[in-house]
Each structure stands twice: as structure tokens, then as C-alpha cells.
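**Student:** this is the structure alone, sequence omitted:
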């Protein structure tokens, strides 16, 4: 009986097995391929640099499948080779894809995975979208020098180096520290690359931790991690000092504070020694503008700061004008008992401004809006402060002429540093009301202060006659576009009537295929014959025909809704053109063509025939320079470059379609767009500074005939300093000589430690007196008199070469010239990135330097980024007419030529009025406080229009052709913080 039971069990088991083998297909286990991410977006990538991403292939099913391989359908995207593999249920495998941008522009395509997964389909090919864009990258470093000041041994002072990615591509950045004293400087970011996103700024902490007394210097090299990228060099400097007194911080920077607001900071004073110190509070020095104030300084019993004791001094900053405020110092009356020396001084700096939060545009003008219709525009609230701010309150008040509305509820919105938020406003005119006006009030919390910003809002209601219009084209056909690529074409509406049309809301209609997109256009008025374009982008995500609709509204009682059908065909193949859209930007009609480049790829295994190449739309504005003659045969695995130029014939936007006919019935399409500007006019805008910075280098002839002139220069220098002080100039003044080689000796000996061979080094190289004179240098006129007494031991005047070497590496960036036996004889700290540069040559002889004058002009401009307004060379030299100056050895023609090229002052070395000559030179150098350099050369100076704070100013200024600047006369100089706007006609 038992045996029979086991036979039955066995039979049942066999039956079950048989059923399992013969179950229906729908009950079988299936495999499923999934890709993560679903689309490989390489984003922005530097041209010529490879960028790699990984796509994870996984099996989401229950049965295994194989992956035989993968390919990219674009020539500049490739799959890193791999062996075929099998993925079991739940299995994963990564595949690497590399993108290398060949040219600037967008690239889109597909990754095709060959597999037998059940969810792929009979073709056995799974597709993953790919995209990328080639761009160029560069960095902005806010400062080229960081001075940590005096720091006690064993203490650490930290500053921030602002590094900003000014490009549109993620940039790997590396900071390296080197130099003889690099061991005393450090940064947590040094030597470790980090990535900055487009527009992102990183505040890199840099520390100075002195372990030995005296001056220390190093270099911070900031660069994009790239084989061909040059680093930006930042000089680091500090001085290690020994003290029993700790003062924290030694420099207080209040940053930008709104005018009328007050910011406070605390300074801690600690006796770290074992003996008491005398304490007498704190007092301000050099507070010429009255912007700083001691809020509190405690009174101590017996005026004694006991060992280990701490006091806290509070200081406030209340700017009275816009722009940087001249630096002040806070003197702390703390010193060891029994001594009378000065106590430590804390540097105070800050900047005033209407606000570091900006509302744009100012005013917000809706223009003309048809009665019965409405318009919406956005206000941008930009945070240009040094910290995050809070937009705490918004209030929009209509004053007249219709309805002005906040399109969204007002609420507190944080705005990070360097970013902005958008506030949409809507205007609907009231019937018969005409002009409308409103006021937007925004309150912003900036640290401990509050700023109230006001924006004027205007618009005009108008009654329009019914609009007569034509759609161009009636249907927008994108033709054949590779899957994943993007083409931009234009849908246009033209006013064909005799009266104006009001146009609003041009956009891609809801319900269109997601492959179509466009930036919605705001309201506008079309004059008779004028047209408006809606730039529509088509990016197919799959093969096959895709459709959509562009729409807009005009003032017409029955035909006010415009509609343009959209269609395009997504395709795959081994033929492609990159980029698929060319945007030529804005181009003045009189300035000639602008050229871009296309690459036609044939990655097919055999030749491809192109039957023709045509341009549709605004074909007359775009011209092709193609090496192809049609019909043309492209060899297998080849590429051909085609140049496309844009030269607009009329004012306004232009758009065309470039069609490549492969004989398949639907051509491949490249979109061409640009904008012509008929009005050849330029507008430059400025904000008046509160203080000008100027670095002044005197190049003094040290030949045998210059004794009297050197004495006259030193004795009359007070006239130079007096004007600089009255103009509020923050100056650095240094002196070098025309001598490059050490004097061979003989009848005269030169002081200063170099025997007349300064070779560009600031005088005196032995540091027997201060080598850089600033507004805080005691007895500055006397120091200058000593520094210009350079001696008369030399004979070979090479002033321009001396200037070149003084301002070149290695001298300009180093505190010590390693090529010489003298110590601390470099010129570091003299040249400031944000200061104007002035050179004054004083000589009775011609220049005998090695290069043509144009070389030195180019060199000086290069120091200031090509900005001619920041460079001026002046000469007190032998005049061209030696009859007026018999004691001059020769005319200083080369010096005079460079002065005339840079708009400098030319004075005779025989001048009997040295004080007047130096005053005129100082006035020209400090002209930056009243001069505004134009970005382009005016075509007609009689048509220059100058406005200050929106009010046209017709007198009190002149145009200086030498420097292409607007110079205000004394008494007419705009006040600090004023907005200066200059409009003028320009040539190309």
C-alpha cells in the first residue's frame, strides 16, 4: 500500500513537470532592460576636451538577456569598448560614453544598445538620448593681491579669494601655492581640484600663519585644470610680528552698506602676557569723511588691562555717499606699562551704495497695451551683496490709468549671493484712461540693515483698429531632424494693414508635442509692414512625424487668434550636421558679415549623395561658403566644413532654414537666426566712484646733467600731492631710474644701493626710505625728495625699458629680486589691479631703449586689460624745439610719442615753473574722478548725449579725443554714486 502511494506521488510530480514545460507563453518569465539615467546629458563641455558619463544597464525582469554592444549615432560621442555580457534578473552593468566637442554649439543624438531583452522589440535596439554643448571656459579672479597685514607669530589670519566661473561650462579648478614663503600660507582648497558651475563663485579661504618674523610672500596660482590653460597669479603677502597683545581682527571690512544704514563690528583686545598693560580706550585716525564711529570702548579701573583680560571695542560704519570710502584706522591705546610707543592700529574699510540689491528694469515699461487686452512682464530682483538677503515685502500701488497687479502673492523670498528672483506684474488698461502709472516698493533685509527699493511702473492703454495680418509661413515645417538634435526656425506674423496692430502672447500652444518649445513673447506693437518672429525649437525624441501649434493674439474682433501648424520628422542615420542651429546674435547693419561654421558628417560605411543645399526664409541675409558642388558625393567616414555668414539687410530679426536634400523626400534642416541693428548707436553707463586709485611710477634720468632737475622735482612735489589729496586720490607712488646696468664708477657715485643700475627696481633698493609712497606715508613730500635724488652717475638713458622691467615679472610680483644680492628689492605691492596706472618720465635726453614705442604702448595696455582709460604716460622731457630749452641734451621724441598715444601730459624739462607743471600732471592723472571712458569711438562727437541721473547735461563737459572719454569740468563733476549715461553714434 505504501509503495503504491509513492508511485502516485511520482506520477503527480512528473505531471507537474510536464505542465511547467508546456505552460502558455504569457506565463513565461520575461526579461526587461532599463537604463539609468534615461537620457545622457553631458551639458556644457569645453571644446576639444573629453567628458565621460556612465549609463547603468539593468535587468528589471525575471529572465536573463544579453547585451551584444552599443554605439552612438554622433561622430563626437563614442562608447568605450566592452565585451558582450549577460544580465541575469536584478543584474546591472555600466557602459561608459565619451563626448568630445569639436565646435561650439549644441549636439544631440542617441545611444543605441544591441540586446535581446524582451521589452526592446523585434529590432533588438534600445535607444538612450544623448546631448551636449561645446563652449569655451575661463575664470575671473577678483583680486591679484592679498595682503594679510601684520600677524602675530603663531596666530592665523584668514582672507577670502573670490574665484568665479565666468563661462557657461562646469570648470574643474585647482589652486596651488608656491614661493619661498609658501610654507607660511595655506588653504583647505589648495592642491585639490574642485568644480565651479557656470556663474558660480567660490570664496576660497587662504590663511597666513607666520612662524618667523618679518615679511613673507608667496604666490597662489588659480587655473582651470587643462593642459593648455594658463593660471591667474595672485600675490600673497603678510608680516609676522611678535607681541603679547592679541587684536582680532586687525582689519575690519564692513563691505557694502546702504547709504543711511549703519553696520557694526566688534574688535577684541586680549592681554596674552603675564604682565599688566596700560589701557586708554580707542580713537579714530584718518576718518576724513566721518563715516566711521566708535560706538563703545570700555573704561577700565586704573586704566590697566590685566594679564589674561579682554576688552571689546565696537565700531560702526555709516556711509554718506556711494562708492568705496577712504580707509580709516582705529588706534587702540594699549601698550606695556612703562613704554610710550604707539599701540596697535586696526584698518577700517567699507563701501557705500544706494543698495547692493537692484531692481531691473528701471523703470518697468509695459509700452502700449490694447484696451480690452492685458500684458505681463517680470521685474528682476538681483542680489549683488556679499551675503544672502531676504526680500521681505512687496507692495504694488496703482496711481493712475488702469489696473497694475502682482501676478503672484507677495511673500518673503531669500535671494542667495549673486542670484536673482523674478516678480511678474500684469497691466490691464482701463477704457479711455490713456497713460498708466504704478509704484512697486520692495523691502530687503541685508544683514542687520533694511533697504527700501522703489521701482516705477508705467504703461499706456490705446484703442486699435482691427488688425490685418499674414502668417509667414502658413505652416512651419522642420523637415528631417536627427532624433535628440534641436533645430530652431521662426514663425512670423506680418502687419499687412495700414494701421498698427497690437500683438500679445506668441507661444507654442498647449497640447503640442513636447518636441516643440519656444520662449513666450511679450506684448508689442507692429507698425504697417512690420513683422514679429516666434523662434520655435524642435527636438524630436523619437523617430516619426511630430506635430504642434504656434499661436498668438492680435486686436481683431473675430480673427484675433493666430495659429501656425508645426510639423517635423524625427530621423536616425549615419548622416548629420552640427550644430543644427546657428544663432548669430546682434549685428549692426554697417559692420559687415559675421561668420560661423558647420560640420557635415558622413559616418556611413559607404558614400552619401547630397542632391542639393537650399536656404528658405530670409535667405538673402545668410550666405554659404561651401566646398561642395551639387549633386555632391560625401566619402564614407568623412566630414566637410561649411562656412555660413550673416549680413543683415534690414533692422530686426532674421531667420532661415538650411535644407540638405538627400533625395529621401524630407531634407535635413539647420536653423539660422540673427538680429540686424539699423541704429548705429552705443550707450555706455557708469556709476561715479567716491575715490580714484592711481599707481604713479616716476622714471627719473640719473645721467650727469640731471642734478638741478632732480632737485626741482623733489622741491616742488608738494604741488603734486596737494592736488592728489584734494581730489581724494588713493595713490601709490614709486621711483625708478633710466639706468639698467650698474655704473662702472668714475667721477660720481649714485646712492640707493644699486650704483645707478636699478634695472626697474624701485628706488632706493637698499630700503633706506619707503619705496612706495601712499596717502598714509609720513612726510610724503620729504620721502619723495629723497627718492628722486637718484644721483648722476649714469650715461645710457633707457627709460622705457626701465619702465617695462619695473612693471614686469619677476619684479612686479615679488618682494625680492632673486637675481640680485640685495634683499627685499622687488616691486611687489606697487601695482594694483583696480587702479589706474600713470608713468611720468623726467629726463633731458632721448630714450635709447631696445623696442619701438608701439611695443611699450601695447605692454601698458595689456597691464590693464586693453582699457586705454586706465593707462597714461606723461613726459617732462626735452621739447621738440630745443631752441626753447638749450640745456636739454636732446629732444625726448620717443617719450613724447608715447605720451601723445596715451593722452598724457608733455612738459618741458626747462620749465621754470615746476610746481605748475607737476600740478597739471597731477590733474591729468586724477582725471578718472571726472573722466568717463567710452567703449567705442564716436562717429560724430557733436551728437554725443550725456545724462546724469536721467537728466540731460549739455554743458560742463567735453569730449577728449585722445582718450575717447567724457571729461567733466571742475564744479560740474557728478556726485559720488551718480548714474552717468552717455549715448553716441558709432562706426564699426
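**Tutor:** Cool, the structure landed. Here the structure is a predicted model, which is why all the values come from computation and not from measurement.

**Student:** enumerate the positions of stretch 637-652 that are buried.
**Tutor:** Using 16 or more other C-beta atoms under 10 Å as the test for burial, stretch 637-652 gives 639, 640, 642, 644, 646, 647, 648. The way it works is simple: take the backbone N, C-alpha and C, and place the C-beta from them, glycine included.

**Student:** with stretch 86-101 instead?
**Tutor:** 87, 95, 97, 99, 100, 101.

**Student:** do me a favour and get the end-to-end distance for stretch 313-321?
**Tutor:** Start and end residues of stretch 313-321 are separated by 25 Å (C-alpha to C-alpha, to the nearest Å).

**Student:** need the max-distance pair from the buried residues of stretch 86-101.
**Tutor:** Greatest spatial distance among those (C-beta to C-beta): 87 and 101, at 31.9 Å.

**Student:** before we move on, back to that, nearest to residue 547, of the buried residues of stretch 637-652?
**Tutor:** Nearest to residue 547 among those is residue 644, at 28.5 Å by C-beta to C-beta.

**Student:** can you redo the buried residues of stretch 86-101 as CSV with distance to residue 281?
**Tutor:** Compiled in CSV, those are given as follows (distance: C-beta to C-beta, whole Å):
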residue, distance to residue 281
87, 78
95, 72
97, 69
99, 65
100, 66
101, 64
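
**Student:** among those, which ones are in strands?
**Tutor:** Using DSSP state E, the members of the buried residues of stretch 86-101 that fall in strands are 87, 95, 97, 99, 100.

**Student:** in a helix, residue 897, correct?
**Tutor:** Yes - looking at residue 897 with DSSP: H, G, I helix; E, B strand; the rest coil, it is inside a helix.

**Student:** which residue is the nearest non-sequential neighbour of it?
**Tutor:** Distances taken as C-beta to C-beta, 6 or more residues apart in numbering put residue 853 closest to residue 897, at 4.9 Å, once the chain neighbours are dropped.

**Student:** check residue 508 too.
**Tutor:** Spatial nearest neighbour of residue 508, chain neighbours left out: residue 518 (4.7 Å); criterion: C-beta to C-beta, 6+ apart.

**Student:** how about residue 251?
**Tutor:** Leaving aside its sequence neighbours, residue 251 sits nearest to residue 347 (C-beta to C-beta, 6+ apart; 4.4 Å).

**Student:** I'd like the distance between that neighbour and residue 286.
**Tutor:** Look at residue 347 and residue 286: by C-beta to C-beta, to the nearest Å, they are 10 Å apart.

**Student:** touching both of the two, which residues are there?
**Tutor:** Taking C-beta atoms under 8 Å, 6 or more residues apart in numbering as the criterion, residue 347 and residue 286 both touch 327, 328, 329.

**Student:** can you lay out the buried residues of stretch 637-652 as JSON lines showing pLDDT?
**Tutor:** Output for the buried residues of stretch 637-652, formatted as JSON lines (pLDDT from 0 to 100):
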{"residue": "639", "pLDDT": "92"}
{"residue": "640", "pLDDT": "93"}
{"residue": "642", "pLDDT": "93"}
{"residue": "644", "pLDDT": "94"}
{"residue": "646", "pLDDT": "93"}
{"residue": "647", "pLDDT": "92"}
{"residue": "648", "pLDDT": "91"}
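
**Student:** and of those residues, the nearest to residue 60?
**Tutor:** residue 639 (38.8 Å).

**Student:** quick one: contacts for the closest one?
**Tutor:** Counting by C-beta under 8 Å, 6+ apart, residue 639 touches 75, 599, 600, 601, 602.

**Student:** count residues in the vicinity of the second one, would you?
**Tutor:** Burial measure for residue 599: 17 neighbouring residues, criterion other C-beta atoms under 10 Å.

**Student:** for it, helix, strand, or coil?
**Tutor:** With three-state DSSP as the basis, residue 599 sits in strand.

**Student:** ok, now how distant is it from residue 462?
**Tutor:** To residue 462, residue 599 is 49 Å away according to C-beta to C-beta.

**Student:** repeat that for the last one.
**Tutor:** Separation of residue 602 from residue 462 (C-beta to C-beta) stands at 56 Å.

**Student:** which of these two has more residues huddled nearby?
**Tutor:** When residue 602 and residue 462 are compared for neighbours, residue 602 comes out ahead with 23 against 16, by other C-beta under 10 Å.

**Student:** got the contact list for the nearest residue to the more buried one once chain neighbours are set aside?
**Tutor:** Of all residues not flanking residue 602 in the chain, residue 634 sits nearest, at 3.9 Å (C-beta to C-beta, 6+ apart). Residue 634 makes contacts with 575, 600, 602, 607, 608, 609, 610, 640, as judged by C-beta under 8 Å, 6+ apart.

**Student:** what's the local residue count around the residue nearest to residue 508?
**Tutor:** Here the number of neighbours of residue 518 (other C-beta under 10 Å) works out to 21.

**Student:** pretty sure it is touching residue 533, no?
**Tutor:** No - the criterion here is C-beta atoms under 8 Å, and residue 518 misses it with residue 533 at 10.1 Å.

**Student:** tell me the confidence at the residue nearest to residue 897?
**Tutor:** For residue 853, the model assigns a pLDDT of 86.

**Student:** would you mark the buried spots in stretch 474-491?
**Tutor:** For stretch 474-491, the neighbour count (16+ other C-beta under 10 Å) marks 476-491 as buried.

**Student:** returning to that earlier point: how close does the residue nearest to residue 897 sit to residue 632?
**Tutor:** Residue 853 is 53 Å from residue 632, by C-beta to C-beta.

**Student:** picking that back up, list just the nearest of the contacts of residue 639 to residue 980.
**Tutor:** Distances from residue 980 to the contacts of residue 639, taken by C-beta to C-beta, are shortest for residue 599, at 45.7 Å.

**Student:** per-residue pLDDT, the closest one?
**Tutor:** At residue 599, pLDDT is 91.

**Student:** residue 452 too?
**Tutor:** 67.

**Student:** which non-adjacent residue is nearest residue 741?
**Tutor:** With C-beta to C-beta, 6+ apart, the residue lying closest to residue 741 is residue 757, at 4.9 Å.

**Student:** that neighbour belongs to a strand?
**Tutor:** No - per three-state DSSP, residue 757 lies outside any strand segment and is coil.

**Student:** go ahead and confirm it touches residue 740.
**Tutor:** Yes - Residue 757 lies in contact with residue 740 (C-beta under 8 Å); the separation is 6.3 Å.

**Student:** give me the number of residues near the closest residue to residue 833 other than its chain neighbours?
**Tutor:** Once flanking residues are discounted, residue 833 sits nearest to residue 144: 4.4 Å by C-beta to C-beta, 6+ apart. The number of residues packed near residue 144 is 15, by other C-beta under 10 Å.

**Student:** just list the residues touching residue 217, thanks.
**Tutor:** Contacts here follow C-beta under 8 Å, 6+ apart; on that basis residue 217 touches 179, 180, 181, 235, 236, 237, 814, 815, 816, 828.

**Student:** among these, which one has the most neighbours?
**Tutor:** Most neighbours among the contacts of residue 217, by other C-beta under 10 Å: residue 236, with 26 neighbours.

**Student:** okay, now the sheet partners of the host helix or strand of that residue, with direction.
**Tutor:** Using DSSP states H and E, residue 236 maps to strand 232-241. Strand 232-241 pairs in its sheet with strand 145-152 (parallel), strand 214-224 (antiparallel), by DSSP bridges.

**Student:** weakest of those by average pLDDT?
**Tutor:** Sorting these by mean pLDDT places strand 145-152 lowest, at a mean of 80.

**Student:** that one: which residues count as buried?
**Tutor:** Buried-residue list, strand 145-152, by 16+ other C-beta under 10 Å: 145, 146, 147, 148, 149, 150, 151, 152.

**Student:** so the first one versus residue 507, what's the distance?
**Tutor:** Here the distance between residue 145 and residue 507 works out to 51 Å (C-beta to C-beta).

**Student:** and the fourth one, by the same measure?
**Tutor:** Applying C-beta to C-beta, the value for residue 148 to residue 507 is 55 Å.

**Student:** same question for residue 41.
**Tutor:** Taking C-beta to C-beta, one finds residue 41 at 25 Å from residue 507.

**Student:** many thanks, have a good one.
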